[in-house]
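S.K.: Provide a 3D model corresponding to the input given below.
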Amino acid sequence: MLGDTRPAWSRGAYLPGGDLSGWIGRRVRPDRDFAQFVAELGKRYAWLAPGVAYRLARAYGSRINLVLAAARSRADLGREIAPGLFEAELDYLRREEWAFAPEDVLWRRPNSACTTRASSAPPFAESFPNSSCRTALHAAS
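M.R.: Numbers count the residues shown, from 1 in each chain. The predicted structure follows:
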């Protein structure tokens, strides 16, 4: 508001998933911090393919634990809906980001290569049984 002299509440605030200190300790520089985060992610989830780990790290940051939940192996992530996109991620998106349809995922992650490939994958649409997209796909076939 005009004339408001209070300091900005957002100074030092993080976007969801942006506080990596629980993974890397004290912050140094964003580029180094992220590289250290990805390295730590690789240690904690050594079974996760490096490309998938990097993509998830970019997409979810420190909230990645909510995506991977109790997964202890690749099999715990569920079915691979599209290359690098697993049921566990869709479960997270439905639970935490209120994704109700494939369009919700594609809209929120438009630059992700896996969502681009997923958009044409029937299992992707079938993961959202009540969506209009699924209905339209079945009507077209």
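S.K.: how about the contacts made by Trp23?
M.R.: 36-37, 40-41, 62 (Cβ atoms under 8 Å, 6 or more residues apart in numbering). Backbone N, C-alpha and C define where each C-beta goes, glycine included.
S.K.: helix/strand/coil for Leu66?
M.R.: For Leu66, the secondary structure call by DSSP: H, G, I helix; E, B strand; the rest coil comes out as helix.
S.K.: for the longest helix along the chain, buried residues please.
M.R.: Ranked by residue count, the top helix of the chain under DSSP state H comes out as helix 30-44. For helix 30-44, burial by neighbour count (16 or more other Cβ atoms under 10 Å) applies to 33-34, 36-38, 40-41.
S.K.: what is the mean pLDDT for it?
M.R.: Computed over helix 30-44, the mean pLDDT rounds to 93.
S.K.: so which elements touch that helix?
M.R.: The contact analysis (3 or more Cβ pairs under 8 Å, 6 or more residues apart in numbering; DSSP states H and E) places helix 30-44 against helix 21-24, helix 50-60.
S.K.: thank you kindly, that will do.
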